[in-house]
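Novice: Please find the sequence and the predicted model below.
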Amino acid sequence: MTSIASSPTQTSQRRSWAPLVIVCLGNFMLLLDVSVVNVALPRMSIDLHASLSTLEWVVDAYALALAALLMLVGSVSDVVGRKRTYLTGLVVFTVASLTCGIAPSQTVLIAARAIQGAGAVGMFATTIALINNTYDGFQRATAFGIWGATSGVAGAAGPIIGGLLTQALSWRWVFFVNLPVGVITVLAALRALDHDGDGRQRSIDWLGGLAFTASAATLTYALVRADSIGWTATETVVLLALAAAALAAFVVIELRSRAPLLDLSLLHAPFVGTLIAAALYTPTAFAMLVYASLWLQTVLGLTPIAAGLVTLPMMMFGFVVSAAGGKHLDAAPARLVIAAGLALTAAGDLLEIGLGARSHWSDLIAGFVVIGVGIGALAPIIASAATAAVPAERAGMAAGAVNTARQVGLAIGIAVYGSVFTTRVLDGFHRLSHSASIAHRVTSGGAASVLAQTPSTHRPALEAMIRSAVGSGLGHTFLIAGIVGLAGAALSLTIMSRPAAHSLAPERPLTLHGQPQSSKP
């Protein structure tokens, strides 16, 4: 008797889609961990006695590792192979997730989040290449469609999954949930993915990667520290100067490298405009969600699940607009779609600026819907606009640069908004003695403990002041995010409208794997 399972055709079909399933599982986990921790932050702050700057680093350490290492790891994968890079990243991500879950202190958690982000880079830098090398024709189009849908679902599911796990079990389970998925994906990848390293590129721009990492990390650290020590403090000024010096070193290294992480001759007007849009997109759309989660849970008293559901309209509208409007958006000029998407996202932020003492969670919904529409229009077009603006030989480099800009923008946005949020809340407590200590406890998620330690006769007045100060602080943060988005829309539209006549580096032959290649117009 012939078994159905032994059919060659069916076996081939199952194997043909196995790499896609593996890639999508890794992509889902790494994108989920960008947002899943947001609703868990208030519970983390209580268990680990964490300050607001610590909470920022729980998110920033992951985003910063993604940003700083993405181009370098992409270059390394060209040498050692995408399968090996993907598997290494997946193993590091899974082990780091375990460490995050059992972290006994703030320091261990932040360090583990940075390592988790470094592992995520191995997956993030190779997923598109793995799909592109595995499929062609109709299968490739289908694979990228499924991969894109997975990315959208991960963004929408993050706050919900984070809320469910935090409320039902513990915040530690937002990391533990990665363990079974990671182990299964590693075992499957060992069998289903083909080794594709050809070793042709022998030169890796280690110095460029080190300089860029130093610049991004120092800048983010300076912005987070400025919240507590002041923007004019000597330490802040020195850190900002070091970040600028490291960035200048990166430019010099890239100009001289035979195999640069970023070929600076690509930096003509359309591509630069796209990079600016990518860098300002994430702080406009996502960076303020950290502080919205604190307000929803620690001031309004929502559960983690309820707080996650509040952000659902944003994610769902983004997914629907992206999926339903993709064909129509592709037909429009990229610069107009990008500018309109940023402007819409900024408009959604500006709808939130009236938050105050009497505000409710429902006051966020209208703005979140508009932000979601902007995200849906903007997110799919940025990468395609970047790759379309450069020669085909540099499409992978362009995509890596855009993804790096997104993550750098998110990390810097969270750091800057933290300072804005804290300053505004502190202003709201100016009439109280010890206002600074109260403000810092409230912004770190300690509103309930502050109220519990207050005499009952003074508690109603203090609660009203907390609601007013934190609501106003969040509204002011949304205002800054809206201004950033409008500036990004104007800048990207202006720059992308210019012809690609000049670059920011001298013309030179394109190099691929360290060898000269002919340039395409």
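Specialist: Nice, thanks for sending it over. What you see is a predicted model, and the numbers here were worked out from it, not measured in a lab. Numbering: from 1, shown residues only.
Novice: Go through the top helix by length along the chain and flag the buried ones.
Specialist: Ranked by residue count and defined by DSSP state H, the top helix of the chain is helix 459-496. Using 16 or more other CB atoms under 10 Å as the burial criterion, the residues of helix 459-496 that qualify are 462-463, 465-482, 484-486, 488-489, 491-493, 495-496. Every residue, glycine included, has its C-beta placed from N, CA and C.
Novice: Tell me where the stretch 1-150 of the chain has helices.
Specialist: 8-35, 41-48, 52-80, 82-102, 106-124, 127-134, 137-168 (DSSP state H, counting those that start in this stretch).
Novice: Out of the ones you listed, flag the one nearest Leu266.
Specialist: helix 52-80 (12.4 Å; CB to CB).
Novice: name the helices or strands packed onto the closest one?
Specialist: Contact analysis of helix 52-80 by 3 or more CB pairs under 8 Å, 6 or more residues apart in numbering; DSSP states H and E lists helix 8-35, helix 41-48, helix 82-102, helix 106-124, helix 206-229, helix 289-294, helix 395-428 as its packing neighbours.
Novice: I'd like the ones you listed written out as CSV, with mean pLDDT, distance to Met315 and mean neighbour count added.
Specialist: Listed next are the helices and strands packed on helix 52-80 as CSV, based on pLDDT from 0 to 100; distance: least, CB to CB, whole Å; neighbours: other CB atoms under 10 Å:
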stretch, mean pLDDT, distance to Met315, mean neighbour count
helix 8-35, 69, 8, 18
helix 41-48, 84, 18, 22
helix 82-102, 91, 22, 21
helix 106-124, 90, 19, 23
helix 206-229, 84, 25, 20
helix 289-294, 86, 10, 25
helix 395-428, 82, 16, 24
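Novice: From Arg394, how far off is Thr94?
Specialist: Going from Thr94 to Arg394 by CB to CB, to the nearest Å gives 32 Å.
Novice: how distant is stretch 412-425 from the center of its chain?
Specialist: Distance, stretch centre to chain centre, for stretch 412-425: 17 Å (CA atoms, centre = their mean, to the nearest Å).
Novice: what comes into contact with that stretch?
Specialist: 52-53, 56, 59-60, 63, 219-220, 223-224, 226-227, 231, 282-284, 286-288, 290-291, 439-440, 442-443, 469-470, 472-474, 476-477, 480-481, 484 (CB atoms under 8 Å, 6 or more residues apart in numbering).
Novice: Redo the helices of the stretch 1-150 of the chain as JSON lines? Include distance to His360.
Specialist: Below are those laid out as JSON lines (distance: least, CB to CB, whole Å):
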{"stretch": "helix 8-35", "distance to His360": "23"}
{"stretch": "helix 41-48", "distance to His360": "18"}
{"stretch": "helix 52-80", "distance to His360": "23"}
{"stretch": "helix 82-102", "distance to His360": "33"}
{"stretch": "helix 106-124", "distance to His360": "32"}
{"stretch": "helix 127-134", "distance to His360": "40"}
{"stretch": "helix 137-168", "distance to His360": "18"}
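Novice: Nearest to Leu344 among those would be which one?
Specialist: Closest among these, using CB to CB: helix 137-168, at 16.9 Å.
Novice: so for the closest one, what's the average pLDDT?
Specialist: Helix 137-168 carries an average pLDDT of 75.
Novice: How about stretch 464-483?
Specialist: Stretch 464-483 shows a mean pLDDT of 89.
Novice: Tell me the spacing between Lys83 and Ile131.
Specialist: Applying CB to CB to Lys83 and Ile131 gives a distance of 13 Å.
Novice: do the same with Arg424
Specialist: To Ile131, Arg424 is 44 Å away according to CB to CB.
Novice: now Ala50
Specialist: 38 Å.
Novice: neighbour-wise, which of the two wins?
Specialist: Neighbours per residue, other CB atoms under 10 Å: of Ala50 and Ile131, the larger number sits with Ala50, 23 against 20.
Novice: tell me the contacts of the nearest residue to the more buried one once chain neighbours are set aside?
Specialist: Spatial nearest neighbour of Ala50, excluding adjacent residues (CB to CB, 6 or more residues apart in numbering): Gln106 at 5.2 Å. For Gln106, the contact set (CB under 8 Å, 6+ apart) comprises Leu48, His49, Ala50, Thr54.
Novice: which two in the residues you listed are spaced the farthest apart?
Specialist: Greatest spatial distance among those (CB to CB): His49 and Thr54, at 8.9 Å.
Novice: Of these two, which one has the most company?
Specialist: Neighbour totals were compared for His49 and Thr54, and Thr54 leads with 19 against 12 (other CB under 10 Å).
Novice: pretty sure that one is in contact with Leu48, am I right?
Specialist: Yes. Look at Thr54 against Leu48 with CB atoms under 8 Å: they come within range, at 7.4 Å.
Novice: Phe212 and Leu64 touch, don't they?
Specialist: No. With contact defined as CB under 8 Å, Phe212 does not reach Leu64; the gap is 11.4 Å.
Novice: Mutual contacts of those two, please.
Specialist: Counting by CB under 8 Å, 6+ apart, nothing touches both Phe212 and Leu64.
Novice: Pull the contacting residues for Ser53.
Specialist: Ser53 neighbours (CB under 8 Å, 6+ apart): Val224, Arg225, Asp227, Ser228, Gly418.
Novice: so which of the helices of the stretch 1-150 of the chain comes closest to Ala346?
Specialist: Of these, nearest to Ala346 by CB to CB is helix 137-168, at 19.1 Å.
Novice: Using PDB, list the CA coordinates for whichever helix or strand comes after that closest one.
Specialist: Per DSSP states H and E, the first helix or strand lying C-terminal to helix 137-168 is helix 173-176. Extracted C-alpha coordinates of helix 173-176, given in PDB (Å, rounded to 0.1, in the frame of the first residue of the first chain):
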ATOM      1  CA  TRP A 173       7.100  35.400  30.500                       C
ATOM      2  CA  VAL A 174       7.300  37.900  27.700                       C
ATOM      3  CA  PHE A 175      10.800  36.600  27.400                       C
ATOM      4  CA  PHE A 176      10.300  32.900  28.400                       C
END
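Novice: What is the subsequent helix or strand relative to helix 173-176?
Specialist: Next element after helix 173-176 (DSSP H and E): helix 178-192.
Novice: how much space is there between the residue nearest to Leu165 when sequence neighbours are not counted and Ala233?
Specialist: Leaving aside its sequence neighbours, Leu165 sits nearest to Trp173 (CB to CB, 6+ apart; 4.1 Å). As defined by CB to CB, Trp173 lies at a distance of 39 Å from Ala233.
Novice: out of these two, which sits in the more crowded spot?
Specialist: Trp173 (17 against 14).
Novice: Could you tell me how many residues sit around Pro333?
Specialist: 12.
Novice: I should have written Val450 there, sorry.
Specialist: Val450: 18 neighbours (other CB under 10 Å).
Novice: So what's the predicted local confidence for it?
Specialist: 74.
Novice: again with Ala249
Specialist: Value for Ala249, per-residue pLDDT: 94.
Novice: same question, the one 5 residues further on
Specialist: Among the per-residue scores, Glu254 holds a pLDDT of 87.
Novice: Setting aside sequence neighbours, what's the nearest residue to it?
Specialist: Nearest to Glu254 is Pro260, by CB to CB, 6+ apart, at 4.3 Å.
Novice: Can you tell me which of the helices of the stretch 1-150 of the chain is nearest to Leu364?
Specialist: Nearest of those (CB to CB): helix 137-168, 12.5 Å.
Novice: still on that earlier bit, tell me which of the helices of the stretch 1-150 of the chain approaches Val272 most closely.
Specialist: Val272 sits nearest to helix 52-80 of all the helices of the stretch 1-150 of the chain, at 16.4 Å, using CB to CB.
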